[in-house]
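In: Pasting the sequence and the predicted model now:
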Amino acid sequence: MTNEIKIHILHTGLVKVDKALPFHGKFRNPLAFTGMFRSEVNQTTLPVSSYLIEHPKGLLLIDTSWNSTIRDSNFKELGFQVQINTGYLPSGWAVDEQMEKLGYQTSDIDLVLMSHLHCDHASGLPLVKDAKKILVSDVEWSVANRLPFVYLPHEWKGVNVETYHFEKKGKGPFNQYYDVFGDGSVLQIFVPGHSSGMAATLIKGSDGRYIVLAADTGYSHISWEQMLTPGICISRKKAITSLGWMREISMDSNCIAVFANHDSEVSEQTICLPYK
């Protein structure tokens, strides 16, 4: 058994959005989310990341980005949401293709953990449906299947998605998290705001040092440095609370790094943490 946790940060797509979506405080515009009357100058293209984690207790995947079908048609995959998102998936970037480069097949995945179920994170679920288990928070799952205009349930049709429950255990902005292996090495931290049941992933080594995968708590390190919430939020108050926690944790001396899912300054890389 390996004595380390290896975290691979992978770029598994690109998304073009209105500038108001990543940074609400900088680019407020009531028409931004409709796509109407907004020219190309108001658009920005950002990476979409997934994370493959080689852990002594199993192979984990965080998020799935775009399905390869988006290469043929954004409209077929996203429907009306093409007004908000335009997805791009260069050759070799799909999550299954990225895994193959690392020597893995999707059937090797022990656990897929979904941070939340917005299309740029969940579109690729069919590509990993043969994983041994796929989990999302029960809060996110409930809302995602009740709001088909915000979420796209066809993206997980035929995929066996199960749920977990956040426990009130005194960690995170709302003192709720899910301990994936029961040993504190991988925690799903409840960080609502951008979505109802979103989770950031905290991965901790045996030396006490850790990294945080922030999902869409903020779209970039600039988000928590300048307290800029995402443009789309189910609760701006909760989003600010979650972002404030991310800012605090980023300054902890034991925190190696906090990675936002769509940060254009984050390159593909591998980080290793000790595990006893």
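Out: Ah, there it is. Predicted model, so just to flag it, every value in this text is computed and none were measured.
In: all strands in the stretch 1-150 of the chain, in order from the N-terminus.
Out: Using DSSP state E, counting those that start in this stretch, the strands of the stretch 1-150 of the chain run over 4-18, 43-55, 58-62, 86-88, 111-113, 134-137.
In: Columns mean neighbour count and mean pLDDT on top of these, output as a markdown table?
Out: Where C-beta positions appear, they are placed from N, C-alpha and C, glycine not excepted. Putting the strands of the stretch 1-150 of the chain into a markdown table (neighbours: other C-beta atoms under 10 Å; pLDDT from 0 to 100) gives the following:
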| stretch | mean neighbour count | mean pLDDT |
| --- | --- | --- |
| strand 4-18 | 21 | 96 |
| strand 43-55 | 21 | 96 |
| strand 58-62 | 22 | 98 |
| strand 86-88 | 19 | 96 |
| strand 111-113 | 23 | 98 |
| strand 134-137 | 24 | 98 |
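In: Now do the helices in the stretch 101-250 of the chain.
Out: 119-122, 138-144, 221-226, 236-250 (DSSP state H, counting those that start in this stretch).
In: Switch those over to JSON lines; also include distance to residue 213, mean neighbour count and mean pLDDT.
Out: Output for the helices of the stretch 101-250 of the chain, formatted as JSON lines (distance: least, C-beta to C-beta, whole Å; neighbours: other C-beta atoms under 10 Å; pLDDT from 0 to 100):
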{"stretch": "helix 119-122", "distance to residue 213": "12", "mean neighbour count": "26", "mean pLDDT": "98"}
{"stretch": "helix 138-144", "distance to residue 213": "16", "mean neighbour count": "20", "mean pLDDT": "98"}
{"stretch": "helix 221-226", "distance to residue 213": "13", "mean neighbour count": "19", "mean pLDDT": "96"}
{"stretch": "helix 236-250", "distance to residue 213": "11", "mean neighbour count": "19", "mean pLDDT": "98"}
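In: Distance to residue 62 for those helices - can I get that in JSON lines?
Out: Listed next are those as JSON lines, based on distance: least, C-beta to C-beta, whole Å:
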{"stretch": "helix 119-122", "distance to residue 62": "9"}
{"stretch": "helix 138-144", "distance to residue 62": "14"}
{"stretch": "helix 221-226", "distance to residue 62": "18"}
{"stretch": "helix 236-250", "distance to residue 62": "16"}
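In: Without its sequence neighbours, what residue ends up closest to the most centrally placed residue in the chain?
Out: By C-alpha atoms, centre = their mean, the chain has its centre lying nearest to residue 215, at 3.7 Å. Leaving aside its sequence neighbours, residue 215 sits nearest to residue 115 (C-beta to C-beta, 6 or more residues apart in numbering; 3.6 Å).
In: quick one: the one you found and residue 200 touch, right?
Out: Yes: between residue 115 and residue 200 there is a contact under C-beta atoms under 8 Å: 7.0 Å.
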